[in-house]
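Undergrad: can you look at this prediction? I've put the sequence above it.
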Amino acid sequence: MLRSFLTVGGWTMLSRILGLVRDQILAALMGAGPMQDAYQVAVRLPNMFRNLFGEGALNSAFVPLFTSTLTTEGEEQARSFAREALTLLSLWLVLLCILGEIFMPQILSFIAPGFSANGGRLDLGVTLSRITFPYLVLICAAALVSGVLNGLHRFSIAAAAYIMFNVVGIFFILCLTPFMASAAHAAAWGVTASGVVQLGLLLFAAKRAGFSLLPVLPRLTPRVKLLMKRLGPGLIGSGATQINLTINTMIATLLPSGSVSLMYFADRLNQLPLGVLGAAAGTTLLPVLTRHVAEGDETALHAAQNRAIDYVMMLTLPATGGLIMLAAPMMMTLFAHGSFTTHDAKLSSQCLQAFALGLPAFVMVKVLSPAFFSRGDTVTPVRIGFLTMGVNIALNLVLMHPLAHVGPPLASSLSATGNAVILGILLKRREALRIDPVTRARLLVMLISSAVMMLVLAGLTRLLPDFSSLHVIGRILLLGTEIGIGGGVYLGLMHNAGILDTSRITARITRRLSRK
């Protein structure tokens with residue numbers, strides 16, 4: 001499982017790095033203003049569907065059914081089920097896309113109520129949303145094909161395909177902006193084009209794996225009915241985080257212009273560890289748990305859960321501390337260029353700190369949810385999802401005026417923490433989660449090491465120069481120094497506690513590089 005986790009995490013990390021490059025270009029060209037707000041809202045809707053289906057409902061509903069069919073009935077039955085599911089999903093998504101294109105002004109007025117006060121921002125948002133909306137058809141179909149590849153334990157190509165979102169996006173922004181009305185239009189077309197490339201690559205990979213997913217006549221077989229039964233609840237149960245982020249966007253449109261952009265760029269940095277660790281853990285853990293449930297191996301089931309929690313927290317806790325302490329230097333170094341000012345970066349860093357507070361909870365939701373889905377339980381996460389959304393809305397309304405742009409991120413973090421706590425309590429009561437003493441001791445050491453690292457970074461911040469007074473090269477060097485010292489402190493403490501053997505890790509990396 002560790003190898004699969006690292007494979008998915010590595011590809012996801014590369015995708016997130018390319019995403020940062022893409023976001024830097026967007027920030028430099030559009031800054032934090034009405035055009036950026038309109039583009040981010042236009043991308044929010046199809047991206048919500050991508051995250052719900054790619055990391056949520058399809059992963060929780062389709063993968064267990066596909067894996068159990070493959071394990072108990074063989075490849076032919078699993079292939080037939082995948083084809084039937086893809087055909088029905090595609091037909092439904094095309095209908096949804098047509099309706100979305102027709103009623104886009106009404107949809108945008110709902111998800112961005114603050115745009116109604118500014119006719120130009122609303123009109124631009126509608127135009128850009130109509131360009132990006134077909135992406136949801138392509139990427140949701142791609143998510144199902146990824147589910148097939150994950151069920152076959154071919155995690156690498158499924159994770160690598162999503163890099164195309166950023167590669168194609170960067171190409172369109174840099175090469176087509178001079179020929180279009182604005183950089184926002186070029187970026188919007190890049191979103192839809194990337195969906196075509198991703199789906200094509202995944203279908204080709206599935207064919208190479210012996211699972212050619214040609215369309216078939218749609219049939220409501222017992223397995224397809226079961227998939228549909230689980231799919232609806234899974235949309236809310238596992239997608240609470242994405243729905244909450246969409247609620248945050250709705251609230252942000254009611255705040256001063258630029259608030260949507262400030263939150264977006266902060267969330268992109270927060271998504272680096274969340275996407276790499278949370279998505280990797282959820283993707284690789286679900287097929288493993290499903291197989292152990294089908295085999296009735298409770299010992300292996302709990303061992304896999306403990307390993308997953310250990311793996312993700314080992315990196316999530318120091319990442320949380322680093323993002324909180326270095327939020328302003330990171331935002332200024334990465335985004336304070338062109339139209340995105342130093343003042344914008346400082347405001348966005350406040351959003352980042354609020355997002356980072358909930359990072360461990362966001363990741364734990366990804367780790368704990370598969371324990372329900374692998375057992376076929378999508379009802380319980382739905383109920384928790386409804387509760388979480390209600391709490392998030394209430395907190396947004398309470399915090400939006402006193403905290404402005406910081407209110408929605410903080411509300412999201414607090415509601416995610418509640419989500420993770422409730423999931424953990426319910427699993428423990430059902431004896432579906434047993435954290436062994438070794439894992440508990442290791443988690444305590446990780447927490448203490450992360451706290452010490454934060455204290456060291458706080459001391460460095462007082463000793464080192466102010467980032468706003470430095471040029472780009474100076475900012476990069478200073479930020480790299482702080483990250484290096486903070487990371488060194490954490491690794492040193494972990495090594496002394498016996499959690500990590502840094503010399504062994506270094507030797508292994510050296511051997512692999514020498515072989516290559």
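TA: Received, thanks. Numbering: from 1, shown residues only.
Undergrad: quick check, Leu478 in contact with Phe467.
TA: Yes - using CB atoms under 8 Å, Leu478 is in contact with Phe467, at 6.8 Å. No exception for glycine: its C-beta is placed from N, CA and C like everyone else's.
Undergrad: which residues are in contact with both of these two?
TA: Residues touching both Leu478 and Phe467 by CB atoms under 8 Å, 6 or more residues apart in numbering: Pro329.
Undergrad: so between the two, which is more surrounded?
TA: Neighbours were counted for Leu478 and for Phe467 using other CB atoms under 10 Å; Phe467 has more, 23 against 18.
Undergrad: and Phe373, how far is that from Ser415?
TA: 21 Å (CB to CB, to the nearest Å).
Undergrad: one more: Pro218?
TA: Taken as CB to CB, the span from Pro218 to Ser415 is 38 Å.
Undergrad: neighbour count for the two, which is higher?
TA: A direct count of neighbours by other CB under 10 Å for Pro218 and Ser415 places Ser415 higher, at 26 against 15.
Undergrad: right, and the more buried one touches Asn396 too?
TA: No - Ser415 lies out of contact with Asn396 (CB under 8 Å); the separation is 9.1 Å.
Undergrad: for Ala184, give me its contacts.
TA: By CB under 8 Å, 6+ apart, the contact set of Ala184 is Met30, Met35, Gln36, Ala38, Tyr39, Ala42, Leu124, Leu128.
Undergrad: could you find the closest non-adjacent residue to it?
TA: What sits nearest to Ala184 in space, not counting adjacent residues and going by CB to CB, 6 or more residues apart in numbering, is Tyr39, at 4.2 Å.
Undergrad: near that neighbour, how many other residues are there?
TA: Tyr39 is flanked by 27 other residues according to other CB under 10 Å.
Undergrad: what do you get for Leu214?
TA: Neighbours of Leu214 (other CB under 10 Å): 10.
Undergrad: what about the nearest residue to it once chain neighbours are set aside, which SS state?
TA: In space, and not counting its chain neighbours, Leu214 is closest to Arg83: 6.5 Å by CB to CB, 6+ apart. Following DSSP: H, G, I helix; E, B strand; the rest coil, Arg83 is assigned to helix.
Undergrad: Pro218 is in contact with Arg83, correct?
TA: No - counting by CB under 8 Å, no contact exists between Arg83 and Pro218, whose distance comes to 10.1 Å.
Undergrad: what strand or helix carries Ala361?
TA: Here Ala361 sits within helix 359-373, counting by DSSP states H and E.
Undergrad: same question for Phe340.
TA: Under DSSP H and E, no helix or strand contains Phe340.
Undergrad: how about the contacts made by it?
TA: Neighbours of Phe340 in contact, by CB under 8 Å, 6+ apart: Ala27, Ala28, Gly31, Ala32, Phe265.
Undergrad: before we move on, the earlier item: from Val191, how far off is the residue nearest to Ala184?
TA: In this view, Tyr39 and Val191 are 10 Å apart by CB to CB.
Undergrad: would you confirm that His292 contacts Ala300?
TA: Yes - assessed by CB under 8 Å, His292 is found in contact with Ala300 at 4.8 Å.
Undergrad: between the two, who's got more neighbours?
TA: His292 (19 against 15).
Undergrad: sec struct for the more buried one, please.
TA: Assignment for His292 (three-state DSSP): helix.
Undergrad: now do the contacts for it.
TA: Going by CB under 8 Å, 6+ apart, His292 touches Glu298, Ala300, Leu301, Ala304, Ser374.
Undergrad: now with 7 Å, please.
TA: His292 makes contact with Ala300, Leu301, Ala304 under the criterion CB atoms under 7 Å, 6 or more residues apart in numbering.
Undergrad: repeat for Ile111
TA: Val41, Leu45, Thr246, Thr249, Met250.
Undergrad: rerun at 6 Å
TA: Met250 (CB atoms under 6 Å, 6 or more residues apart in numbering).
Undergrad: can you tell me how far it is from Gly169?
TA: 21 Å.
Undergrad: Val63 now?
TA: Counting by CB to CB - Val63 and Gly169 are separated by 27 Å.
Undergrad: same check, this time on Leu255
TA: In terms of CB to CB, Leu255 sits 27 Å off from Gly169.
Undergrad: Ser129: what secondary structure?
TA: Counting by three-state DSSP, the backbone at Ser129 sits in helix.
Undergrad: equivalent analysis for Leu217, please.
TA: coil.
Undergrad: skipping adjacent residues, who's closest to it in space?
TA: Thr87 is the one closest to Leu217 (CB to CB, 6+ apart), at 7.7 Å.
Undergrad: now do Leu122
TA: Per CB to CB, 6+ apart, closest to Leu122 is Phe115, 4.2 Å.
Undergrad: which helix or strand contains Ile499?
TA: Using DSSP H and E, Ile499 sits in no helix or strand.
Undergrad: tally of neighbours for it?
TA: So Ile499, with other CB under 10 Å, has 17 neighbours.
Undergrad: which strands and helices sit next to whichever helix or strand Gly480 is part of?
TA: In the assignment (DSSP H and E), Gly480 maps to helix 472-496. When contacts are defined as 3 or more CB pairs under 6 Å, 6 or more residues apart in numbering; DSSP states H and E, helix 472-496 packs onto helix 327-335, helix 437-463.
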